[in-house]
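Asks: pasting a predicted model and its sequence here:
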Amino acid sequence: MARMQRWRRSRPAGEGTGSEEQVEETPDEQLDHPGGLGDLGDLAETAQTGEAGEAGASADVLVEAPTEDAADEDLAEAAEPVEPAEDLSPGTDEDDPELAAEVDAELSDEDADLQGLEGDVLDEEAGTGETDALPPLPSASEGGLGNLLAVQLLQAAHAKQAITTALVMGLAAAVAGRPARETAVVLLTVLVGQTILGWHNDIVDRQRDQAHGLTGKPVAMGRLSTDTLWYSLFVAALLLVPLAITTGIKAGCLYLASVAVGLLGNVILRTGFFSWWSWAVSFALLPAYLSYGGWGGQAEGSPPEPVIVALAALLGIGVHFMRAVWGLVADHEDGWTYLPLKLGLKLGATRLLALSTVYTVVVVILIVVMGAKVGLSQ
């Protein structure tokens, strides 16, 4: 907004008003004035009579009649120094209160926007801004990141199944008369092997688990990357090999074969009628692992009793049915046709779980009875 500053003039006696005036006008007032820019003839007449010292002013130069005296006066006035303009700070213009109010309102809006932006930045720095739906990860310097990774890896390993299987195998080794060090190696070996199977299963089922929104699957939920899980699986496999052959090369190879069958079962024939095959074969190899085991790579025991091997295979089928009950709805939506699902559709999930539990308990009892009667090895 422009403010018009008049030139300070001192006219000779008889030609002007004899006083110095400083008048401020807006461009609209100048255009509407009787002596505005649109009427140069009136300007000449006004300059001669000296009746209006302020008429005919433009934005910066006063236009007067082209007389010789007036031209000299204009040159003299142009040489005089111009007084500095008044302070045009917003809110101090008394001549145009509406303009001052408008400028103050605009500056207030800008200040409010700047304060709001500054508040958002402070909120984000303080961790209170609405930036992401996911919670912030703990700082690695505090040790929180390592603990979080360990929890996610444990959850992806199907920890309950892994720990239960390892404890049962350790107990079986102790009952069979194996020394404490061999029992400890068996327990640790089976724990690592079951962990590998759980990780591999979560990698294979990542897309299915994500589609069904399973929150207990860290890989499917994006809390654990597949690259991290593959790396962990590879490291665990390198650890599993020396652990397995610690109790004998033959025994170690049999247990590694059991793990390999389980990995194969995660990708082959798992959706159809023969989904139980990998569970039966992998569990059937476990008595052989215990029976041939000893201490040291050259140790070699006796072959297992066939009845114990058969019962172990039946136990694997029972475990398969019990675990399948919890995923029947998702498997049915995906079009699977495996045996537990067919029985579940006929009997219902509750009855199937009850029958699977009773079946598994009976098989375990038979293994204990037959183990006490004929023993583990021939």
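Replies: Nice, thanks for sending it over.
Asks: got the contact list for the nearest residue to Ala174 once chain neighbours are set aside?
Replies: Nearest in space to Ala174, with sequence neighbours left out and distances taken as Cβ to Cβ, 6 or more residues apart in numbering, is Thr183 at 4.9 Å. In short, each C-beta sits where N, CA and C put it, glycine included. Neighbouring residues of Thr183 by Cβ atoms under 8 Å, 6 or more residues apart in numbering: 170, 173-174.
Asks: name only those of these that count as buried.
Replies: Buried members of those, scored by 16 or more other Cβ atoms under 10 Å, are 170, 173-174.
Asks: restricted to helices, list the contacts of Thr183.
Replies: 170, 173-174 (DSSP state H).
Asks: now, among these, which is nearest to Thr337?
Replies: Nearest to Thr337 among these, counting by Cβ to Cβ, is Gly170 at 36.8 Å.
Asks: the nearest residue to that closest one once chain neighbours are set aside and Ala349, how far apart?
Replies: Counting by Cβ to Cβ, 6+ apart, the nearest residue to Gly170 once its immediate chain neighbours are dropped is Leu187, at 3.5 Å. According to Cβ to Cβ, to the nearest Å, Leu187 stands 33 Å off from Ala349.
Asks: neighbour-wise, which of these two wins?
Replies: When neighbours are counted by other Cβ atoms under 10 Å, Leu187 and Ala349 differ, and Leu187 comes out ahead with 20 against 16.
Asks: mean confidence for the strand or helix carrying that one?
Replies: For Leu187, the host element (DSSP states H and E) is helix 180-204. In this model, helix 180-204 has a mean pLDDT of 95.
Asks: coming back round to it: right, and the residue nearest to Gly170 touches Leu167 too?
Replies: Yes. Using Cβ atoms under 8 Å, Leu187 is in contact with Leu167, at 7.1 Å.
Asks: that older thread, adding distance to Pro340 and pLDDT, write the contacts of Thr183 out as JSON lines.
Replies: Below are the contacts of Thr183 laid out as JSON lines (distance: Cβ to Cβ, whole Å; pLDDT from 0 to 100):
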{"residue": "Gly170", "distance to Pro340": "28", "pLDDT": "94"}
{"residue": "Ala173", "distance to Pro340": "30", "pLDDT": "91"}
{"residue": "Ala174", "distance to Pro340": "32", "pLDDT": "92"}
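Asks: of all these, which comes closest to Ile367?
Replies: Ile367 lies nearest to Ala173 out of the contacts of Thr183, by Cβ to Cβ, at 13.9 Å.
Asks: could you give me the average pLDDT of the helix or strand where Thr357 lies?
Replies: Thr357 belongs to helix 349-374 when elements are defined using DSSP H and E. The average pLDDT for helix 349-374 rounds to 93.
Asks: what is the burial count for Val168?
Replies: Residues near Val168, counting by other Cβ under 10 Å, number 15.
Asks: how many neighbours does the closest residue in space to Gly198 that isn't next to it in sequence have?
Replies: Once flanking residues are discounted, Gly198 sits nearest to His158: 3.5 Å by Cβ to Cβ, 6+ apart. Residues contacting His158 under the criterion other Cβ under 10 Å number 20.
Asks: contacting residues around His158?
Replies: Counting by Cβ under 8 Å, 6+ apart, His158 has contacts 194, 197-198, 201-202.
Asks: ok, it to His200 distance?
Replies: Note on His158: its distance to His200, by Cβ to Cβ, is 10 Å.
Asks: please apply the same query to Gly265.
Replies: Applying Cβ to Cβ, the value for Gly265 to His200 is 10 Å.
Asks: for His212, same thing?
Replies: Taking Cβ to Cβ as the measure, His212 falls 19 Å from His200.
Asks: looking at these two, which is more packed in?
Replies: Between His212 and His200, His200 has the larger neighbour count (other Cβ under 10 Å), namely 20 against 16.
Asks: tell me if I'm right that that one and Ser232 touch.
Replies: No. Applying Cβ under 8 Å as the test, His200 and Ser232 come out as separate, 10.8 Å apart.
Asks: wait, a strand at Trp270?
Replies: Just to correct that, residue 270 is Arg rather than Trp. No. Read with DSSP: H, G, I helix; E, B strand; the rest coil, Arg270 is coil and lies in no strand.
Asks: any idea how many residues pack against it?
Replies: Using other Cβ under 10 Å, Arg270 is surrounded by 22 other residues.
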